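> need a 3D model of the following:
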Amino acid sequence: MKPHNILIILFINILFICSCSNNNSNLGIFDFSNDIGNVALKGNAVFNKKDSSYILNGSGENMWFEKDEYHYVYKSFSGDFSFSTNLDWIGKGENAHRKAGIIIRQDLTPGSPYIDAVIHGDGLTSIQYREIPNGITYEVRSNVKMPKRINLQKEGEFFYLSTANENEDIKFAGNSVKLKISNPFFIGIGVCSHDNNVIESAEFSNLSLKKKSKMKEENSNLQSTLEIVNIETKNRKIIYSTNKHIEAPNWSGDSSFFIYNSEGLLFKIPLEGGTPEKINTHLSTKCNNDHGLSPDNKQIVISDQSSIDGKSRIYILPVEGGIPKLITKNGPSYWHGWSPDGNTLAYCAERDGLFDIYTISVNGGTEKRLTNAEGLDDGPDYSPDGKYIYFNSIRTGKMEIWRMNADGSDQIQITDDEYNNWFPHPSPDGKWLVFLTYDKDVVGHPANKDVMIRIMSIETGEIDVLVKLFGGQGTINVPSWSPDSKNVAFVSYRLH
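Alright, predicted model coming up:
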C-alpha cells in the first residue's frame, strides 16, 4: 500500500474514533466502545471491574457478506497474539443467527478487511473473514457447537480457532485462515443481533490477551484437519481434526464417508465427522497417500510399501476391507486415477530411474507407458468421460498441468504461470479442474508449506484460488471431489 493511502486510512480512523466512540477508563483491557456500520439501535458495553467481565449490547442487520453492523469494544494492537474469552448469550434471543465473539479489523470503516471467531445464537461456531476492502465474507465452520470458551491466535499471516467446553482444556478446533492484516490493527469483542430493530446481549468473561512469539518448527507438534470447501462460496467446513498425521481424503461415490491414510493404514470417517474406523488392509500396513475408490464404489485401490524391497506397489481390495490383490508387479508404482469404465488404472512409476505415467488393467498384466518426456511426470487422473488423462509435468522447467488422450497421444500443456502446479483432478461433471499450487521456488511437493488449492474452468481456462492454507504433501494428492461437483475435500496442517 502506498504511504499516502496509509495516512488517509489512519486519518479516517482517528476521526471515526473521536466522533463516534466512548473512550473512557471503564473498559478494562480495551480503549474504545462504539457501533460499526449503520445500526438502528445504539449499542453499549458494561465493564464489571470486580470480575473483569463485559456485557455487550448490540443491534445490527448482519456481519456477513458485505455488511458490517454490530457493537464493538476494542483497542489498537500489533503483532502476533493469543486472545481467549468465555462467552455466554444472555436471554433466549430473537434470531438464531445472532453473533458474538472476537473480532480483528484492519480499520474501523465499514467494509474493512477483518477476521473473527464467533459463536452464533444456535451454537454454530466459525471463523469469518473478509480479504479485501468491501469484499464479501467467507467462513470456516467448526464441527464444535456452542463452546464455553473461544480462542483466536495470530501467527504471521495465519489465524487459528481453538475452543473448550465447560471444565475442558482449550484445544485447536481445526479452523485456520491465511489472511494478511497489517500492523497496527484493531482487536476486540463484538455483538451483532442480526436484526436491526433488536438489541442482543452477550457476556464475555475470563479474557486473556497475550503477545505471542513465533514457535521454532523443530519444537512444534503437528495438527491435521480434514475439511471441505464449496467451490461456489469458498466457504469451508471442518470434518475432523486430530493430532495425528492424516493425508489424502477420498470422497465416497454415495457421499456417505471419506477415506484417508494415517501411519500406514487407511481409515473411514462419516461425511458428518465422528470417530474414524480402521479399514482392514491385511498385510498392507505401509499405505501411502495414493489411494482411491472404484467408480462403482465397491473397491479401494492402494499404493503400499510393505513388500520386502520397500517399494510402493498398487493393490485392490474390497471397500469394506480384506486381502489386497497385487496389480503392479514392478515398483515403485503410485496410483492416481481409475478409468470411469472401471477397467484401467493410471499411475506414476519409476522405471530405470525415470518417473513417467503408466496404465494397467485392473486385473494386472502388462503395463503401458504413456509419457517419456525428460523429467518427472506425475498425478494422472481421468476426465469423467474417460477421453482424457490430466497430469502434471516438469518438462518445461516448472511443474505445470498437462492433458493427453487416454492412450497417451496429443499431450498439451494446460497451465502456464509463475507457480508449480500439482495433482490435477477434474470434477465429476467435467466442468472444473482442481489442483495444488506451490510457490515457484519450491522443489517437489513437500509437506509443511504455504500452498493454494486452485480451480480452473475447463471451458474457459480461467483460474481462481479456492483456499490458501498450510499444507502440501497429503493435502489433495488423490481425487477428492464430491459426487455432485460442488465441494472438494482436503487436509490442512498446523505446527504448534
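> where do the strands sit along the stretch 251-400 of the chain?
All strands of the stretch 251-400 of the chain, identified by DSSP state E, counting those that start in this stretch, fall at 257-262, 265-270, 277-279, 292-293, 299-304, 313-318, 325-326, 333-338, 344-351, 354-361, 368-369, 377-382, 388-393, 400-405.
> could you export the ones you listed as TSV, including distance to Ala489, mean pLDDT and mean neighbour count?
Any C-beta I mention is one placed from the backbone N, CA and C, and that applies to glycine too. Converted to TSV, the strands of the stretch 251-400 of the chain look like this (distance: least, C-beta to C-beta, whole Å; pLDDT from 0 to 100; neighbours: other C-beta atoms under 10 Å):
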stretch	distance to Ala489	mean pLDDT	mean neighbour count
strand 257-262	6	98	23
strand 265-270	11	98	19
strand 277-279	17	98	15
strand 292-293	12	98	22
strand 299-304	16	98	24
strand 313-318	21	98	22
strand 325-326	26	98	14
strand 333-338	16	98	26
strand 344-351	20	98	22
strand 354-361	24	98	20
strand 368-369	30	98	14
strand 377-382	15	98	26
strand 388-393	18	98	25
strand 400-405	20	98	20
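> dump those to a markdown table, plus distance to Asp464.
Listed next are those as a markdown table, based on distance: least, C-beta to C-beta, whole Å:
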| stretch | distance to Asp464 |
| --- | --- |
| strand 257-262 | 24 |
| strand 265-270 | 28 |
| strand 277-279 | 34 |
| strand 292-293 | 25 |
| strand 299-304 | 30 |
| strand 313-318 | 33 |
| strand 325-326 | 40 |
| strand 333-338 | 23 |
| strand 344-351 | 26 |
| strand 354-361 | 27 |
| strand 368-369 | 34 |
| strand 377-382 | 20 |
| strand 388-393 | 18 |
| strand 400-405 | 15 |
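> out of those strands, which gets nearest to Thr285?
Of all the strands of the stretch 251-400 of the chain, strand 265-270 sits nearest to Thr285, with 6.4 Å by C-beta to C-beta.
> kindly point out the strands partnered with the closest one and how each is oriented relative to it.
According to DSSP bridges, strand 265-270 has the following sheet partners: strand 257-262 (antiparallel), strand 277-279 (antiparallel).
> return the distance of the last one from the chain's centre.
Here strand 277-279 shows a centroid-to-chain-centroid distance of 24 Å under the convention C-alpha atoms, centre = their mean, to the nearest Å.
> again with stretch 183-196
How far stretch 183-196 lies from its chain's middle: 24 Å, per C-alpha atoms, centre = their mean.
> now swap in stretch 462-471 and tell me
9 Å.
> and Asn421, how many neighbours?
Counted with other C-beta atoms under 10 Å, the neighbours of Asn421 add up to 25.
> who's in contact with the helix or strand encompassing it?
Per DSSP states H and E, Asn421 falls inside strand 420-426. Applying C-beta atoms under 8 Å, 6 or more residues apart in numbering, the external contacts of strand 420-426 come out as 336, 378-379, 381-384, 388, 390-392, 398-401, 414-415, 432-440, 442, 445, 454, 458, 476-481, 488.
> direction included, what does it pair up with?
strand 432-438 (antiparallel).
> about what we covered before: and the contacts of strand 420-426, which are buried?
336, 378-379, 381-384, 388, 390-392, 398-401, 414-415, 432-438, 442, 445, 454, 458, 476-481, 488 (16 or more other C-beta atoms under 10 Å).
> ok, now how distant is Trp481 from Val301?
Per C-beta to C-beta, to the nearest Å, Trp481 is found 16 Å from Val301.
> same question, Gly472
Applying C-beta to C-beta to Gly472 and Val301 gives a distance of 23 Å.
> swap in Asp195?
Distance, Asp195 to Val301, by C-beta to C-beta: 52 Å.
> ditto for Gly365
Going from Gly365 to Val301 by C-beta to C-beta gives 16 Å.
> could you pull up the residues touching Ser333?
Here Ser333 is in contact with 303, 311-314, 347-349, 358 (C-beta under 8 Å, 6+ apart).
> just send these back as JSON lines, with distance to Glu247 too.
Shown next, in JSON lines, are the contacts of Ser333 (distance: C-beta to C-beta, whole Å):
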{"residue": "Ser303", "distance to Glu247": "12"}
{"residue": "Lys311", "distance to Glu247": "19"}
{"residue": "Ser312", "distance to Glu247": "14"}
{"residue": "Arg313", "distance to Glu247": "18"}
{"residue": "Ile314", "distance to Glu247": "17"}
{"residue": "Tyr347", "distance to Glu247": "17"}
{"residue": "Cys348", "distance to Glu247": "16"}
{"residue": "Ala349", "distance to Glu247": "20"}
{"residue": "Tyr358", "distance to Glu247": "23"}
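> closest one of those residues to Thr85?
Nearest member of these to Thr85, counting by C-beta to C-beta, is Ser303, at 45.8 Å.
> closest one to Val46 among the strands of the stretch 251-400 of the chain?
Of the strands of the stretch 251-400 of the chain, nearest to Val46 by C-beta to C-beta is strand 265-270, at 43.7 Å.
> tell me the pLDDT at Pro384?
Note on Pro384: pLDDT of 98.
> wait, it touches Pro428, no?
Yes. Contact criterion C-beta atoms under 8 Å: Pro384 and Pro428 qualify, at 5.4 Å.
> how far out from the middle of the chain is stretch 422-435?
Centre-to-centre, stretch 422-435 and its host chain are 17 Å apart (C-alpha atoms, centre = their mean).
> check contacts around Asn183.
Taking C-beta under 8 Å, 6+ apart as the test, what Asn183 contacts is 78-79.
> so how many other residues sit close to Lys92?
That count, for Lys92 with other C-beta under 10 Å as the rule, works out to 6.
> which residues touch it?
Residues near Lys92 by C-beta under 8 Å, 6+ apart: none.
> tell me the bridge partners for Tyr260.
Under the criterion used (DSSP bridges), Tyr260 bridges to Phe267.
> that one and Pro249, how far apart?
For Tyr260 relative to Pro249 (C-beta to C-beta), the value is 5 Å.
> give me the common contacts of those two.
Joint contacts of Tyr260 and Pro249 (C-beta under 8 Å, 6+ apart) are 226, 491.
> what's the domain layout of the chain?
As given by automatic domain parsing, the domain ranges for the chain are 3-211, 217-495.
> how far off centre is the last one?
If I follow you right, that is domain 217-495. Relative to where its chain is centred, domain 217-495 has its mean C-alpha point 17 Å off (C-alpha atoms, centre = their mean).
> check what pLDDT Ser224 gets.
98.
> partners of the host helix or strand of it in the sheet?
Using DSSP H and E, Ser224 maps to strand 222-230. Strands flanking strand 222-230 in the sheet, each with its direction: strand 236-242 (antiparallel), strand 487-495 (antiparallel) (DSSP bridges).
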